[in-house]
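Enquirer: Next come a sequence and a model predicted from it.
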Amino acid sequence: MHINRRHFFERCGTGLARIAFASLLAESAGAAPKQPHFGGKAKSIIYLFMEGGPSQLDLLDYKPKLAEMNGQTTPPSLLEGKRFAFMERMAAPKLYGTRSKFERRGQSGQWISNRLRHVGSVADDIAIVNSVVTTNVNHSPAMVMAHTGSMVPGRPSLGAWLVYGLGSEAKDLPAFVAMTSGPRGPRNATDIWGSGFLPTEYQGVPFLNGPDPIFNLQNPPGVSTERQSRAIDAIRDLNQTRLDATGDSEIATRIASYEMAFRMQASCPDLMNLGTESASTLEMYGATPGKASFANNCLLARRLVERGVRCVQVYHTDWDHHTNIERGLDKVCPEVDRPAAALILDLKRRGLLDSTVVAWGGEFGRTPMREGGEGAAGRNHQIDAMSVFLAGGGVRGGVTVGRTDELGFKPVEDPVHVHDLHATLLRLFGVDHTKLTYRYQGRDFRLTDVHGNPVRKLIA
């Protein structure tokens, strides 16, 4: 009987052999840590994604001239050649100056809206980019673009590329986790945390939005841990037989997923128990144990990266303000402002910010023109200018990169395409975006396709 190395370790009963077999499973699932191309400070990323398109003009990109010209008809020359969603609504639109109050915050003096006053308290830790450009005016393709570098679904997401390139230090948790809060799940959910044409072991694992983010952590009544272990062993044996016969890497992923699920039953109850946090920490985030909220998800994200998780995506899905933008921002900004700032502060005090990138942004920005009636004004989709901010993991804090024209229509200094943003994020991890490739259908693919340049002004 032929016995290969994996089969030997699987059958052997010694502790050392079991450890070795677990290591082999980890390697087969792409989870073993790997060396970057060069020295990078970042080890993990927490991407706070505001789905729907947060208005940069009301939050991070201060435009006093736009406020001065509020209500005036937009000069036709500024609209020529522009693409907007719902073009039929864009006939002779009026300019719309923000009602938000901007202030210079921190020693760096960055302009930040009072709607993000908590974020303003960490102004010297963040880099604001006011000149991000994307490609598609509609939510779904723009969401896919923001996560995968392509408008067409089916490409690997940023998190999948990072796990493929660097592996994970988490032994009992997935390398890549996605969480959401808001009135619904994010558009194109499986595409934006999927692995595309990469093996499925690199895809993100969604946690549910509620008091029980992971189902079935407890065994059913009458099923002991020993009994469950025997069942998993039997399933593993069957899968291993099939793997030996076919060499299909997806079967190795299946084996590893069963093993991971079994380990998560032991590790996740402690992970999910936010009640172990101090009262001051819960207050800082505005988190309530057992409650579904963006604040809880931010605190859980910190606990995940503490345990070695490579990528955490945290979604807030209520930012599409075509009408009543003032009322909309009054609702959503308090939901995210305090937890986002608390996350940065908490990581910093725990010594984790140096190795954790925190990113905040959406799929596109909003227009300088008003959409909707006088009493219920909103803003349309804007692909030529949006704002994001970054902190930690080698980011140069206290700087504003990129500048748009005085009305906020387009970048006039340091335009940053989504591809450039992706290249910069990879660079923070010590990854050369041109070398992190995967051959598929006869050519080498990468996150940035054939584009992208790291933004040096963002890197410390």
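Expert: On my side now, so go ahead. Numbering: from 1, shown residues only.

Enquirer: Tell me, how many residues neighbour the nearest residue to Phe207 once chain neighbours are set aside?
Expert: Spatially, and ignoring its direct neighbours in sequence, Phe207 is nearest to Pro213 (3.8 Å; C-beta to C-beta, 6 or more residues apart in numbering). Bear in mind the C-beta positions are built from the backbone N, C-alpha and C, glycine included. The burial count assigned to Pro213 is 19, neighbours taken as other C-beta atoms under 10 Å.

Enquirer: List the residues that contact Pro213.
Expert: With contact taken as C-beta atoms under 8 Å, 6 or more residues apart in numbering, Pro213 is in contact with Met179, Phe207, Met272, Leu300.

Enquirer: Narrow those to those in strands?
Expert: Secondary structure defined by DSSP state E assigns Met179 of the contacts of Pro213 to strands.

Enquirer: Pick out the most distant pair among the contacts of Pro213.
Expert: Considering C-beta to C-beta, no two members of the contacts of Pro213 lie farther apart than Met179 and Met272, which are separated by 11.4 Å.

Enquirer: Just want to know which of the two has more residues nearby.
Expert: Using other C-beta under 10 Å as the criterion, Met179 and Met272 rank with Met179 on top: 23 against 20.

Enquirer: The more buried one bridge partners, please.
Expert: Note on Met179: beta-bridge partners Val314, judged by DSSP bridges.

Enquirer: Common neighbours of Met179 and Met272, please.
Expert: Contacts common to Met179 and Met272, judged by C-beta under 8 Å, 6+ apart, are Pro213, Leu300.

Enquirer: so where's this structure shaky on pLDDT?
Expert: In the prediction, the chain carries residues with pLDDT under 70 at positions 1-31, 87-91, 210-212, 214-219, 222-223, 228, 256-262, 264-267.

Enquirer: residues in contact with Ser278?
Expert: Contacts were defined as C-beta under 8 Å, 6+ apart; by that measure Ser278 touches no other residue.

Enquirer: What of Arg396?
Expert: Neighbouring residues of Arg396 by C-beta under 8 Å, 6+ apart: Ala127, Lys457, Leu458, Ile459, Ala460.

Enquirer: Show me what counts as buried in stretch 186-205.
Expert: Neighbour counts using 16 or more other C-beta atoms under 10 Å place 186-189, 191-196, 198-205 of stretch 186-205 among the buried residues.

Enquirer: any idea how far Ser77 is from Arg242?
Expert: Ser77 sits 65 Å away from Arg242 when distances are taken as C-beta to C-beta, to the nearest Å.

Enquirer: Same question for Leu428.
Expert: Distance from Leu428 to Arg242, by C-beta to C-beta: 40 Å.

Enquirer: Those two - which one has more neighbours?
Expert: Between Leu428 and Arg242, counted using other C-beta under 10 Å, the more crowded position is Leu428 (23 against 14).

Enquirer: And that one, how far from Ser77?
Expert: When C-beta to C-beta is applied, the distance between Leu428 and Ser77 equals 39 Å.

Enquirer: likewise Ser168?
Expert: Plainly put, Ser168 is 51 Å away from Ser77 if you go by C-beta to C-beta.

Enquirer: same check, this time on Val431
Expert: When C-beta to C-beta is applied, the distance between Val431 and Ser77 equals 42 Å.

Enquirer: Those two - which one has more neighbours?
Expert: Counting neighbours by other C-beta under 10 Å for Val431 and for Ser77 shows that Val431 has the greater number, 22 against 7.

Enquirer: ok, the more buried one touching Tyr164?
Expert: No - contact status for Val431 versus Tyr164: not in contact, 10.3 Å apart, counting by C-beta atoms under 8 Å.
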